[in-house]
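> No sequence on hand, only this structure:
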Ligand SMILES: [Zn+2]
């Protein structure tokens, strides 16, 4: 079997192979690992699943799906989200392809990826910029503590976050301070974006919304719900309700 035939064979059979292995799901995958062999086994298993799931995705979507996408993109929203694996785009949009232009980094920062955000807003002309923080954000927790032992790249990103979260006075329990810092960071990133895209916001071309994805039900509105905390720099709930964006959510229903 030559390499090409082998690869073709592999593409056709990887799904079966991976499914056969899926029964022995390693607890190491979710509980941390300590040795190189376990890491290598995890990498092999994960990569097998990636190839298999790509295979499923391609077959499920069909070529017509890609034919429509191949020449250009027309997303309706630019999204700045945290890289945290517990937050994924399908919590916002069941069909994110060609709909969400997503920038992700630790702590959902505008300030560390301004070029990418500007590309979404100014080149792709998305009328909506959504900044998504999330409860129990590890990056925010790190920025609140001592991260001086981290490497230089992580320190740079946490310094930027730290500036955002230390601006507000935080009170209460550690949990409530953590959540307050998550919200504060969303406000701060929204503020940076507001400054950068002031003209677009003022003329109505762009709306900037800050939300917190509540994966731990910290707001008591239910797990995974979005808490809207900022619209175009406004954080007063009553004033936020005056924005057309919010009014459209609560249109009266006529029977
Ligand atoms: Zn996070």
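Cool, got the structure. Remember, predicted model here, so these are calculated numbers, not experimental data.
> Residue 93: how many residues sit nearby?
Using other C-beta atoms under 10 Å as the criterion, residue 93 is surrounded by 15 other residues. For glycine as for every other residue, the C-beta is placed from the backbone atoms N, C-alpha and C.
> ugh, wrong one, residue 79
Residue 79: 26 surrounding residues under other C-beta under 10 Å.
> Can you tell me the element it falls in?
Per DSSP states H and E: residue 79 is located in strand 77-82.
> Does that strand reach the ion?
Yes: legend: contact between strand 77-82 and the ion by C-beta under 5 Å from the ion is shown at residue 82.
> and that strand, how far from the chain's centre?
On the basis of C-alpha atoms, centre = their mean, to the nearest Å, strand 77-82 sits 6 Å off its chain's mean C-alpha point.
> same for it, what does it pack against?
Strand 77-82 makes packing contacts with strand 100-105, strand 128-134 when contacts are defined by 3 or more C-beta pairs under 8 Å, 6 or more residues apart in numbering; DSSP states H and E.
> Ok, which of those strands comes nearest the ion?
strand 128-134 (5.5 Å; C-beta to the ion).
> now check the closest one, is it near the ion?
No: using C-beta under 5 Å from the ion, we find that strand 128-134 stays clear of the ion, coming within 5.5 Å at best.
> Paired strands for that strand, with orientation please.
Using DSSP bridges, strand 128-134 pairs in its sheet with strand 77-82 (parallel), strand 207-214 (parallel).
> quick one, phi psi at residue 227?
Backbone geometry at residue 227, expressed as degrees, to the nearest 10, gives phi -100, psi 120.
> Could you give the bridge partners of it?
Assessed by DSSP bridges, residue 227 has beta-bridge partners residue 212.
> if I pick it, what's in contact with it?
211, 212, 214, 219, 221 (C-beta atoms under 8 Å, 6 or more residues apart in numbering).
> Show me what from the stretch 101-250 of the chain comes close to the ion.
Going by C-beta under 5 Å from the ion, the residues of the stretch 101-250 of the chain near the ion are 137, 139.
> Run through who's touching the strand holding residue 79.
Under the criterion C-beta under 8 Å, 6+ apart, residues 87, 89, 92-93, 99-110, 113, 117, 120-121, 124, 126-134, 137, 139, 189, 193 lie in contact with strand 77-82.
> and those, which are buried?
For the contacts of strand 77-82, a burial check counting by 16 or more other C-beta atoms under 10 Å picks out 87, 89, 92, 99-110, 117, 120-121, 126, 128-134, 137, 139, 189, 193.
> quick one on the thing from earlier: if any of the contacts of residue 227 are buried, put those into a ChimeraX selection.
Of the contacts of residue 227, the buried ones can be selected in ChimeraX as follows, counting by 16+ other C-beta under 10 Å:
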select :211,212,214
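> any chance of the contacts of residue 227 in CSV, plus distance to residue 72?
Shown next, in CSV, are the contacts of residue 227 (distance: C-beta to C-beta, whole Å):
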residue, distance to residue 72
211, 28
212, 33
214, 35
219, 38
221, 38
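> Make TSV from the contacts of residue 227 and add pLDDT to it.
Formatted as TSV, those follow (pLDDT from 0 to 100):
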residue	pLDDT
211	98
212	98
214	98
219	95
221	95
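> Residue 149: which of the contacts of residue 227 is nearest?
Of all the contacts of residue 227, residue 212 has the smallest distance to residue 149: 28.5 Å, by C-beta to C-beta.
> quick one: low-confidence parts of the protein?
Counting by pLDDT under 70, the chain contains low-confidence ranges at 1-33, 167-169, 252-255.
> ok, which stretches of the stretch 51-200 of the chain are helices?
63-69, 114-118, 138-144, 152-165, 174-196, 198-202 (DSSP state H, counting those that start in this stretch).
> what residues are up against the residue lying closest to residue 170 once chain neighbours are set aside?
Leaving aside its sequence neighbours, residue 170 sits nearest to residue 177 (C-beta to C-beta, 6 or more residues apart in numbering; 4.1 Å). Counting by C-beta under 8 Å, 6+ apart, residue 177 touches 144, 170, 171.
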